[in-house]
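Student: Pasting the sequence and the predicted coordinates here, then a few questions.
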Amino acid sequence: MAPTDPQEAAFELGIKFGSLYHQFAGTPISPESAPDLAAAIESAIENQPHCRDVTVEMQLEAIRDAIEPDVGYTEFTGEFAKVEIVVEYDGIEVTAIMMMDDGYPRMELIEVE
């Protein structure tokens with residue numbers, strides 16, 4: 001049985017979030033560099049097929065709180081960004097967000113149109 005268009009669209013979302021997290025996790029980040037990293041993430045993920053929109057909102061206070069004073073930066077993890085991705089596949093639009101769930105970054109499908 002072939003997947004439905006909504007299933008294919010949701011699969012594409014999974015690909016986008018997987019590449020986002022595994023490509024950028026561990027990147028050195030500071031409050032000053034966070035906007036640049038957000039823009040790089042958005043640009044990189046938007047290049048992928050079927051991706052219509054990516055929004056990355058860095059959590060500057062959380063980043064600031066995670067930095068050791070003598071180091072000057074921390075490593076990017078899911079706790080430092082709110083992410084929303086919209087994929088359009090054969091007329092089906094799906095939206096998902098990344099949110100922390102008990103200390104783990106989870107991707108949640110929030111809308112299928």
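Tutor: Thanks, I have it. Since the structure is predicted, the reported quantities are computational estimates derived from the model, not experimental observations.
Student: helices and strands around the helix ranked longest in the chain, which ones?
Tutor: Longest among the helix segments of the chain by residue count, using DSSP state H, is helix 5-24. The contact analysis (3 or more C-beta pairs under 8 Å, 6 or more residues apart in numbering; DSSP states H and E) places helix 5-24 against helix 34-46, strand 51-58, strand 81-89, strand 92-101, strand 104-112. Placement of C-beta: from N, CA and C, glycine included.
Student: Identify the residue nearest the geometric centre of this protein.
Tutor: For the chain, the residue nearest the mean C-alpha position is residue 83 (4.3 Å; C-alpha atoms, centre = their mean).
Student: For that one, list the residues it contacts.
Tutor: Residue 83 sits next to 17, 20, 41, 54-57, 97-98 when contact means C-beta atoms under 8 Å, 6 or more residues apart in numbering.
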